[in-house]
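*Asks:* missing the sequence, but the structure's below:
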């Protein structure tokens, strides 16, 4: 047995029943890891929002173009 196994067995609380099977409980220590940040928005949602912004910009440009075309046609008449 290695020294680690001897240390582990020393830390284990043995329960010796008068009848039945003999068992022991192995307690592990908690291991904390570095917290991971998760994005609030998924990449798919960000892509959809970008597509919506582009569509609204294009619509606004079309509206401005048609408005200026209407003004120019009224001036020509």
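*Replies:* Yep, that arrived. It should be emphasised that the depicted structure is a prediction, and the values quoted were computed from it without experimental measurement. Residues are numbered from 1 along each chain as shown.
*Asks:* what about the protein, any weak spots by pLDDT?
*Replies:* By pLDDT under 70, the low-scoring segments of the chain are 1-2, 6-10, 12-18, 21-24, 76-77.
*Asks:* please enumerate the strands of it.
*Replies:* In the chain, the strands defined using DSSP state E lie at 14-15, 23-24.
*Asks:* what sits against residue 4?
*Replies:* Applying Cβ atoms under 8 Å, 6 or more residues apart in numbering to residue 4 gives no contacts. Yep, even glycine has a C-beta here, placed from its N, CA and C like the rest.
*Asks:* how far away is it from residue 11?
*Replies:* Computed as Cβ to Cβ, to the nearest Å, the residue 4 to residue 11 distance reads 11 Å.
*Asks:* now do the helices in this protein.
*Replies:* Applying DSSP state H to the chain gives helices spanning 3-11, 43-76.
*Asks:* can you give me the buried ones in the longest one?
*Replies:* So the one you mean is helix 43-76. Buried residues in helix 43-76, counted by 16 or more other Cβ atoms under 10 Å: none are found.
*Asks:* that one: how far from the chain's middle?
*Replies:* A distance of 34 Å separates the centroid of the chain from that of helix 43-76, by Cα atoms, centre = their mean, to the nearest Å.
*Asks:* elements contacting it?
*Replies:* For helix 43-76, there is no helix or strand it packs on, judged by 3 or more Cβ pairs under 8 Å, 6 or more residues apart in numbering; DSSP states H and E.
*Asks:* need phi/psi at residue 42.
*Replies:* Main-chain dihedrals, residue 42, degrees, to the nearest 10: phi -80, psi 160.
*Asks:* all further residue positions should be reported with the first residue as 92.
*Replies:* With 92 as the first residue, the last one maps to residue 133.
*Asks:* that one and residue 160: what is the separation?
*Replies:* Between residue 133 and residue 160 the computed distance is 40 Å (Cβ to Cβ).
*Asks:* name the residue closest to the centre of the chain, please.
*Replies:* residue 129 (3.5 Å; Cα atoms, centre = their mean).
*Asks:* contacting residues around that residue?
*Replies:* Residue 129 makes contact with no residue, according to Cβ under 8 Å, 6+ apart.
*Asks:* quick one, phi psi at it?
*Replies:* Torsion angles at residue 129 (phi, psi; degrees, to the nearest 10) stand at phi -110, psi 140.
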